[in-house]
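> coordinates for the following, if possible.
(2 chains)
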Amino acid sequence: MKCIVTGGNVKVLGRAVHSLSRIGDELYLEPTESGLSLRAVNSSRSAFASFLFAPLFFQLYEPGGRQPDRELVRCKVLMKSFLGVFRSLPSLEKTVGKCLILLKPRANRLVVQLHCKYGVTKTHNLAFQECELLQAVFDTQRCASTLCAPARLLAEAVVHFPQTLAEVTLGAGPGGKISLRNYVEDEAVPSKTMVTELRLADDEFQTVAVTPGSRITFCLKEFRGLLTFAEASNLPLTIHYDTPGKPVVFTLEDTVLEVHLVLATLLDPESDLQPPTANGVSHVPTPSDDFADDLESYMIAMETSAYEDGPSGVPPSPTFPLRTPRPAESDPEEEEEEGAVPGTPPHKKFRSLFFGSVLTPGGPGPAPTQEVLAEDSDGEN
Amino acid sequence: MPLSAQPASSAEPYVLAASLDNARHLSSLLRAVHFQDHATCFATANGLRVTVEDAKCIQANAFIQAEIFQEYTVQEESVTFRINLSVLLDCLTIFGTSSLPGTSTALRMCYRGYGYPLMLLLEEGGVVTVCKINTQEPDELLDFDFCSTKVVNKIILQSEGLREAFAELDMTSEVLQITMSPDKPYFRLSTFGNAGSAHLDYPRDSDLMEAFHCNQTQTNRYKISLLKPSTKALALSCKVSIRTDAQGFLSLQYMIRNEDGQICFVEYYCCPDEDITEAEL
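You can find the predicted model right below:
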């Protein structure tokens, strides 16, 4: 893989890396024919982000390197080291004229070269690991509610929440009013809790197609990261969400850029918001024994498809046993590497984005693997 | 030895007396070498030199020429004492580090001689503070024997070009490798950290390059932890001269221009990192 980014796009790339660094400790790079994809997932698999830079974004883009028959190499690098290359955004804008990214599988190095002012060249040779495809399964078409707003509107709204706030609730009032409030845990003492709620007029939005009364709660940290990027890029942000517990998908689109941020949402809305009569009957997904057919859309399944997808009839990658339904659980493979408990486990009631080991298209159907998707039972009762 | 009553009788009881109408000119230079608590001060008629060392491998010198001071007298050929630099800096900035524009702290500094404290009189806005800092037995200092005739390679760069490089150094790397060469890559800074290696190349025809005199290709490694403190001097400086001798000893001279346009120098000497494994084998 070889690509060259020039001018202002270097800063866009840098901002994307900064935004991704809010999500995970590793950066996945996947060169494809449709562009270079940068992805990250958090350790508890409750947040996933992908930035797809179209070939037109680059001055030069060769996904497969010089040999056309050569398989595309996916890799992951330590976020910290990649972020180090783009650490200072102001200086990136001021000094860097050209950025060259070169994946050298033979030398086992990802080379990032910055050509700066005064002829200075910075060359970073980063170690990488070949890895599997990282893909969150989500379908924005099947989301009941869609909102689209200038990023600035949302950025100016979340600014009112303290930096320490973990989760925020986005709701659609009966009159179509969109509100954002800080999420307060059930155990919190009401007399000691401050609730901040912002109501946004619907004419501030470009699109409002929401189910009245719907509300979802998601993590603010990753959302802020995306907003910073969206605001700087001056792109409208689209929010797709469904019922609580299903993932919320934030998208940004440009001619040369496509961004998705998928966040788990809290399973049950605050109980006091539900009319007593609707208890247990409403749209609140009550996970039951008979897994619905659309289970896949119910949760964000993450596919990790084998990297070597040779047509050699390799037996399906072993299906993972039923997971312990703790959201902090990470992929067993990952666990061996990381060993430690993830740094920021999400709220206990978050569904994690489940990973399945799915064969790449072309192999046997992925259906059998769906049984590995386990239910998060913590939030029930 | 306690300081007795104010020696009003004797006309010039001090072996060193200096006054400065803006103490910041002194404190900012001292801060540029402040990576250890203690410093050795060495005063001659030419000026004051403040030396800080660490690990017998690095030495930093701040030179404050006599001309910087409004009044500067040395009674003996040379006056040497050791002092706690942190305390000295605290005293010099006792009225705050960021003075408002138009206000400055005036300083009078006196030293009676061996065994006496260094006395500082600081005045700002009519308020006077008297500080007495105990002096200590001077250390024996390293002699790097770095003379300009033995310099093999020399580069003068505008500091701007190095500032970002030093700020972004991969601190997971144990060493900073400096390559100076008459041929490509001319001047290269390399680190070898956990995440991989990084190289920073400066072409000889760069606008940052004020002078380029490289006679032979030299690649030396220096402990990054030893060089990191020089960032403080780099931040203040406008130009930096990077020199190496045949043994690989490194001299970094920083030219620092103060608010009044006067020029001072801060110099760092650093030993190269020896390849221990090779020596042991």
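
> for the rest of this, base every contact and every neighbour count on C-alpha atoms.
OK.

> around chain B, pick out the residues from chain A.
By C-alpha under 8 Å from any C-alpha of the partner chain, the residues of chain A that approach chain B are A:78, A:81, A:84, A:118-127.

> CSV please, covering these and showing neighbour count and pLDDT.
As requested, those are exported to CSV (neighbours: other C-alpha atoms under 10 Å in any protein chain shown; pLDDT from 0 to 100):
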residue, neighbour count, pLDDT
A:L78, 20, 91
A:S81, 22, 89
A:G84, 17, 88
A:Y118, 16, 90
A:G119, 18, 91
A:V120, 22, 92
A:T121, 20, 93
A:K122, 23, 93
A:T123, 21, 94
A:H124, 26, 93
A:N125, 24, 93
A:L126, 22, 92
A:A127, 19, 89
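
> now the two most distant members of those residues.
A:L78 and A:Y118 (29.4 Å; C-alpha to C-alpha).

> if we can go back for a sec, filter the residues of chain A next to chain B down to just the ones in strands.
Per DSSP state E, strands hold the following members of the residues of chain A next to chain B: A:78, A:121-127.

> quick one: contacts of stretch B:261-268?
Under the contact criterion C-alpha atoms under 8 Å, 6 or more residues apart in numbering or on different chains, stretch B:261-268 has outside partners B:29, B:32-33, B:58-65, B:68, B:230, B:233, B:250-258.

> 7 Å instead, please
B:59-64, B:233, B:251-257 (C-alpha atoms under 7 Å, 6 or more residues apart in numbering or on different chains).

> list the residues that contact residue 241.
By default, I'm working from chain A. For A:Y241, the contact set (C-alpha under 7 Å, 6+ apart) comprises A:143-146, A:247-249.

> hmm, I had chain B in mind actually
B:S241 sits next to B:155-157, B:252-254 when contact means C-alpha under 7 Å, 6+ apart.

> for the nearest residue to it once chain neighbours are set aside, what are phi and psi?
Nearest residue to B:S241 in three dimensions, chain neighbours excluded: B:I156, at 4.3 Å (C-alpha to C-alpha, 6 or more residues apart in numbering or on different chains). When quoted as degrees, to the nearest 10, the phi and psi of B:I156 stand at phi -110, psi 120.

> ok, back up a step: got the residues of chain A next to chain B as JSON lines, with distance to A:L27 columns?
Converted to JSON lines, the residues of chain A next to chain B look like this (distance: C-alpha to C-alpha, whole Å):
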{"residue": "A:L78", "distance to A:L27": "6"}
{"residue": "A:S81", "distance to A:L27": "10"}
{"residue": "A:G84", "distance to A:L27": "12"}
{"residue": "A:Y118", "distance to A:L27": "30"}
{"residue": "A:G119", "distance to A:L27": "29"}
{"residue": "A:V120", "distance to A:L27": "26"}
{"residue": "A:T121", "distance to A:L27": "23"}
{"residue": "A:K122", "distance to A:L27": "20"}
{"residue": "A:T123", "distance to A:L27": "19"}
{"residue": "A:H124", "distance to A:L27": "15"}
{"residue": "A:N125", "distance to A:L27": "15"}
{"residue": "A:L126", "distance to A:L27": "12"}
{"residue": "A:A127", "distance to A:L27": "12"}
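
> tell me the one among the residues you listed nearest to B:H25.
A:Y118 (31.3 Å).

> how about the closest one, nearest residue that isn't a chain neighbour?
Per C-alpha to C-alpha, 6+ apart, closest to A:Y118 is B:S206, 5.1 Å.

> list the buried residues of stretch B:149-165.
Across stretch B:149-165, burial judged by 16 or more other C-alpha atoms under 10 Å in any protein chain shown covers B:151-159, B:161-163.

> what's near enough to touch the closest residue to A:K122 other than its chain neighbours?
In this structure, A:K122 finds its nearest non-sequential neighbour in B:L200, 4.4 Å apart by C-alpha to C-alpha, 6+ apart. Counting by C-alpha under 7 Å, 6+ apart, B:L200 touches A:121-123, B:188-190.
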